[in-house]
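Enquirer: My questions are about this predicted structure, shown below with the sequence.
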Amino acid sequence: MKKKLGNLFDKKWAAPVFWMVLLIAAWEVGASVTAINKRTPENIMPHLYQIMEAAFSSKPVANGMSAAAVVLTSAGATLGRALCGFLLGTALGFLLALFMKLSGFVEKLMFPYLMLIQLIPVLGLAPIILAITGDINKSRIVIAAILSFYPVATNTLAGFKSVNKDKYDLMYTYAAPKRVIYTKVFIPSSVPYFFTGLKIAAPMAVTASILVDTLQGDGGLGCMLSQSLKHAMSIYVFWLIVLFSAFIGISSGYLMSWFETLVSPEKRCVKKSGMRREKRSYGTETKKKKILVAEREGK
């Protein structure tokens, strides 16, 4: 039994399923306790089936739209701005990391300020960016870009610095120009670090976009979330937005992993070797079972 459980948890999907079941069970226990102790449990922690009912209900909750329609319409605006900010922050973060690698002076000049920007809370940053840009939508994109920018820049710079000195010396021995050294050695070596930065930056861009929506209004998931908390519409809109945001945040991490596998030959090789190892393991286990069955039958 113990061995079977161990083999089950060796499967790639087992751990996410286990944690998902555990989370659902914990949520339902919390919702049951809340339903007993609170007069309006839907404001504290409703059951998941109640949230699902609200998602599939056609009852209008705002402007003649159902709860699901409100969430999806608002999500289009929020995720569009988050994507623009994420792409902008990624491009700037990569370029800055490249400049910091090319010039030690740029690194000494910029690195402390990179950390300083991250220490400023979004709640304090939003009014400043709005005053500079003078446009609500632009300020949301800029804030999402700022939060995406730091993890991409620092992780990519770490990737540039992780290159083995022997590789650099070899290219230097061949008198390779700097452009070739960067395109053949530094940039390929930084790819895993770059994608690590993207996996951190993508959910942060979505979170920043939702948070700024709550402060500045004019549509978006954060604005709807704020209105539902004030009971201007069904409270289930709030819970739908919470679950939807969690889904988008987790999905963005998996999407970045998929892109990494797509563009990184090394990652594809690791994945293929892992699949072959699993097949060999499965084949060995099947063979052992057949031998045991044959022994029991006296063959």
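Expert: Received the coordinates, thanks.
Enquirer: quick check: mean pLDDT across stretch 204-218?
Expert: When pLDDT is averaged over stretch 204-218, the result is 80.
Enquirer: Next, the buried residues of the longest helix along the chain.
Expert: Looking across the chain with DSSP state H, the single longest helix is helix 67-102. In terms of neighbour count (16 or more other CB atoms under 10 Å), helix 67-102 has its buried residues at 67-68, 70-71, 73-75, 77-79, 81-86, 88-90, 92-94, 96-101. In short, each C-beta sits where N, CA and C put it, glycine included.
Enquirer: What lies in contact with whichever helix or strand comes after it?
Expert: Following helix 67-102 in sequence order, the next helix or strand is helix 104-119 (DSSP states H and E). Outside helix 104-119, the residues within contact range by CB atoms under 8 Å, 6 or more residues apart in numbering are 96, 99-101, 146, 149-150, 153-154, 157.
Enquirer: Residue 58: which of these is nearest?
Expert: residue 146 (39.9 Å; CB to CB).
Enquirer: So which residue is smack in the middle of the protein?
Expert: Note on the chain: the residue nearest the mean C-alpha position is residue 253, at 3.4 Å, using CA atoms, centre = their mean.
Enquirer: Next up, the contacts around it.
Expert: Per CB under 8 Å, 6+ apart, neighbours of residue 253: 199, 202-203.
Enquirer: Among those residues, name the ones in helices.
Expert: Within those, residues falling in helices by DSSP H are 199, 202-203.
Enquirer: Rebuild these as JSON lines, extending it with neighbour count.
Expert: Below are those laid out as JSON lines (neighbours: other CB atoms under 10 Å):
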{"residue": "199", "neighbour count": "18"}
{"residue": "202", "neighbour count": "24"}
{"residue": "203", "neighbour count": "22"}
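Enquirer: List the buried residues for whichever strand or helix holds the residue nearest to the centre of the chain?
Expert: Using DSSP H and E, residue 253 sits within helix 236-263. Going by neighbour count (16+ other CB under 10 Å), the buried part of helix 236-263 is 236-241, 244-245, 248-249, 252, 256, 260.
Enquirer: ok, so of these, who is nearest residue 181?
Expert: For the buried residues of helix 236-263, the nearest to residue 181 is residue 260 (23.2 Å; CB to CB).
Enquirer: Please name the nearest non-neighbouring residue to the closest one.
Expert: residue 195 (4.1 Å; CB to CB, 6 or more residues apart in numbering).
Enquirer: so the one you found sits right up against residue 259, yeah?
Expert: Yes. Using CB atoms under 8 Å, residue 195 makes contact with residue 259 at a distance of 7.1 Å.
Enquirer: from the middle of its chain, how far away would stretch 158-165 be?
Expert: For stretch 158-165, the gap between its own C-alpha mean and the chain's C-alpha mean amounts to 25 Å (CA atoms, centre = their mean, to the nearest Å).
Enquirer: Just the residues contacting it, thanks.
Expert: Counting by CB under 8 Å, 6+ apart, 97-98, 101, 185-186, 189-194 sit against stretch 158-165.
Enquirer: Can you give me the end-to-end span of that stretch?
Expert: 14 Å (CA to CA, to the nearest Å).
Enquirer: rewinding a little: what's the offset of the helix holding residue 253 from the middle of its chain?
Expert: Using CA atoms, centre = their mean, the offset of helix 236-263 from its chain centre is 6 Å.
Enquirer: Report the mean per-residue pLDDT for that helix.
Expert: 89.
Enquirer: and that helix with helix 67-102, angle?
Expert: Put simply, helix 236-263 runs at 40 degrees to helix 67-102, going by axes from the mean of the first three to the mean of the last three CA atoms, to 10 degrees.
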